[in-house]
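Student: below are the sequence and a predicted model for it; my questions follow.
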Amino acid sequence: MEKYRDEIINTVKDLIRFKSVSEDSETPGEPFGLECKKALDYILNLGNKLGFRTKNLDGYCGYIEFGEGEEMVGIIGHLDVVPANIEDGWTFSPFEPEIRDGKIYGRGAIDDKGPIVACLYAMKEVYDNLKVNKRVRLIVGLNEEKNWKCINYYKMNDEHPTIGFSPDADFPCIYAEKGIITIGIEKDFNIEGAEILEVNCGNNAINVVPKIASIRLKFQNPNDIQKFNNTNDIHIEKISRDTIKIVANGISSHAAHPDLGENAITKLLLYLGENEYINFLKEQGFFDIQSPRYLGGYTTSDESGSLTSNIGIIKYEDGKLKLYTNLRVPINTNFDKIKEYLEEFKSKCDGLSYSMENANSKLYVSKDSYLVKTLTKIFNEETGLSAEPIAIGGGTYARAFKNFVSFGMNMPGDKDMCHQVNEFVDIEKLILSSKIYAKAIYELAK
């Protein structure tokens, strides 16, 4: 794989340059926007140049394939990314890749553009030098960070792999992923003596701990503004004589790890203070990030960990404050149980309503299965470690098909840079991962 080093690095850099934040589009052939289309066209054209068969599925997704046979080994990754702006605190422009200290910096470097490139060149090595008896297909999606329209379109329109992995999480191997569901709640909301002009959290994605949140207020009595003061996390902007903007600052992280971030929406609501609705949410534990009390204080000791919550989006529409929280649900907890708790939560507050959206069921493959044992063994052989398969709170494409797991690309002990400011991929670990993927592809397809 060393002979591909420069090609791998340059390909990752090229992909980072596409600002491929998935967005709905009515343009034929680009359902997720022009930048996502460009990224898909780029990787499929590269697949052709490397000698593979390729197919574009109406701009929803595409695949790169080699080999023959009835059975298919699948690799599933994505080229869409979560939003990023230099104003968020990036040292480098998020979509202008930089190499510093042996790392490639840029949005998507580790999630999931770098891993896709590692897998593509691993396929090239196997294709050129080894005999396999199955087809190997790299499926590339463009809507993973939002609602999986890409992979759902693939599943309705093309062949399902029989075994495989997604390079979108951690090594040595992920055998279990929590269920994921988004909860929306809303209720009439007002602030005494003020008109709410706007509530905003930027373009934050539901699966990201929000870095910023704000509310703009116009007061009947301008003197009321004086009771609002700056704090370490709150900045007051005076817009006019009677209007202010309250801005809360947090620290972003992946919603699967809300403890690694600081939620700006929560800070904003708590700062607003004495309000019946906010007080209710606080008392019921809605702001809790682990085993939130508004779900009945549910805790778990199962192997996948605790239930976690991230309030990722806030809106103010038609006099109602709307909050959307992303739950990561332990593998032994049924979604019906979540609904049962929410009904109880709703009954305690007049006028509150809720919705359950984008439910994504858990993934579980036995640690004793051929797939998990094989991939874990390959990782340990290539690294000299004795790592054991793990469970995570993140959700990957692996749960889209039967007999699939997540496999890399974060190494044990590494900080998870997914969705983080200054996201990067370590070049040496990128090349090492490509070697691991090449061996895994051969073992599963031979």
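Tutor: The structure has been received and is ready for your questions.
Student: tell me which other helices or strands the biggest helix by length in the chain touches.
Tutor: Counting residues, the longest helix found in the chain (DSSP state H) is helix 427-445. Counting contacts by 3 or more C-beta pairs under 8 Å, 6 or more residues apart in numbering; DSSP states H and E, helix 427-445 is packed against helix 5-16, strand 72-78, strand 103-105, helix 114-129, strand 135-141, strand 163-166, helix 370-383, strand 409-410. (Each C-beta comes from the backbone N, C-alpha and C, glycine too.)
Student: of all these, which one comes closest to Ser361?
Tutor: Checking those against Ser361 by C-beta to C-beta gives strand 163-166 as the closest, at 15.4 Å.
Student: next secondary structure after the helix or strand that contains Phe280?
Tutor: Using DSSP states H and E, the element containing Phe280 is helix 276-283. Going down the chain from helix 276-283, the next helix or strand is strand 308-317, by DSSP H and E.
Student: what mean pLDDT does the helix or strand following that following strand get?
Tutor: Next in sequence after strand 308-317, counting helices and strands by DSSP H and E, comes strand 320-329. For strand 320-329, mean pLDDT is 96.
Student: what angle sits between strand 320-329 and strand 308-317?
Tutor: With axes from the mean of the first three to the mean of the last three C-alpha atoms, to 10 degrees defining the directions, strand 320-329 sits at 160 degrees from strand 308-317.
Student: angle of strand 320-329 against helix 276-283?
Tutor: Using the same axes, to 10 degrees: strand 320-329 against helix 276-283 is 10 degrees.
Student: helices and strands around strand 320-329, which ones?
Tutor: Here strand 320-329 touches strand 179-188, strand 308-317, helix 335-347, going by 3+ C-beta pairs under 8 Å, 6+ apart.
Student: would you mark the buried spots in the last one?
Tutor: When neighbours are counted by 16 or more other C-beta atoms under 10 Å, the buried residues of helix 335-347 are found to be 335, 338, 341-342, 345-346.
Student: export the helix holding Phe280 to CSV, keeping only CA atoms.
Tutor: Output in CSV follows, covering the C-alpha atoms of helix 276-283 (Å, rounded to 0.1, in the frame of the first residue of the first chain):
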residue,chain,number,x,y,z
GLU,A,276,-42.6,28.4,33.5
TYR,A,277,-41.7,26.2,30.5
ILE,A,278,-37.9,26.4,31.0
ASN,A,279,-38.3,25.7,34.8
PHE,A,280,-40.4,22.6,33.9
LEU,A,281,-37.8,21.3,31.5
LYS,A,282,-35.1,21.8,34.1
GLU,A,283,-37.0,20.1,36.9
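Student: buried residues of it, list them for me.
Tutor: By neighbour count with 16+ other C-beta under 10 Å, helix 276-283 contains the buried residues 277-278, 280-281.
Student: could you list every helix and strand in contact with that helix?
Tutor: Helix 276-283 packs on helix 264-272, going by 3+ C-beta pairs under 8 Å, 6+ apart.
Student: for the record, mean pLDDT for the helix it packs on?
Tutor: Mean predicted confidence for helix 264-272 is 96.
Student: ok, residues contacting that helix?
Tutor: With contacts defined as C-beta atoms under 8 Å, 6 or more residues apart in numbering, helix 264-272 is touched by 191, 201, 210-215, 231, 233-234, 246, 248-250, 278, 281-282, 287, 311-314, 323.
Student: one step back: would you turn the buried residues of helix 335-347 into a markdown table with pLDDT and distance to Leu268?
Tutor: Formatted as a markdown table, these follow (pLDDT from 0 to 100; distance: C-beta to C-beta, whole Å):
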| residue | pLDDT | distance to Leu268 |
| --- | --- | --- |
| Phe335 | 89 | 29 |
| Ile338 | 90 | 26 |
| Tyr341 | 91 | 25 |
| Leu342 | 93 | 23 |
| Phe345 | 94 | 21 |
| Lys346 | 95 | 23 |
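Student: which one of the residues you listed is nearest Glu186?
Tutor: Distances from Glu186 to the buried residues of helix 335-347, taken by C-beta to C-beta, are shortest for Lys346, at 11.0 Å.
Student: gap between Tyr294 and Cys61?
Tutor: 36 Å (C-beta to C-beta, to the nearest Å).
Student: between those two, which is the more surrounded one?
Tutor: Using other C-beta atoms under 10 Å, the more surrounded residue of Tyr294 and Cys61 is Cys61, with 30 against 24.
Student: model confidence for the more buried one, exactly?
Tutor: 98.
Student: isn't it right next to Glu144, touching?
Tutor: No. The pair Cys61 / Glu144 is not scored as a contact, 9.7 Å apart, by C-beta atoms under 8 Å.
Student: mutual contacts of those two, please.
Tutor: In contact with both Cys61 and Glu144: 150-151, using C-beta under 8 Å, 6+ apart.
Student: quick one: Asn143 from Lys38, how far?
Tutor: According to C-beta to C-beta, Asn143 and Lys38 sit 15 Å apart.
Student: with Gly184 instead?
Tutor: As for Gly184, its distance to Lys38 is 33 Å (criterion: C-beta to C-beta).
Student: cool, Met72 as well?
Tutor: Using C-beta to C-beta, Met72 is found at 27 Å from Lys38.
Student: what do you get for Val425?
Tutor: Between Val425 and Lys38 the distance, using C-beta to C-beta, works out to 21 Å.
Student: more neighbours: the two, which one.
Tutor: Higher neighbour count among Val425 and Lys38: Val425, with 27 against 16, using other C-beta under 10 Å.
Student: which SS state does that one fall under?
Tutor: When classified by DSSP: H, G, I helix; E, B strand; the rest coil, Val425 comes out as strand.
Student: roughly how far does it sit from Val199?
Tutor: On the measure of C-beta to C-beta, Val425 and Val199 end up 36 Å apart.
Student: repeat for Glu87
Tutor: From Glu87 across to Val199, the span is 19 Å (C-beta to C-beta).
Student: those two: which is more packed in?
Tutor: The residue with more neighbours, out of Glu87 and Val199 and counting by other C-beta under 10 Å, is Val199; that gives 21 against 9.
Student: which residues sit in contact with that one?
Tutor: Contacts for Val199 (C-beta under 8 Å, 6+ apart) come out as 213-216, 314-316, 321.
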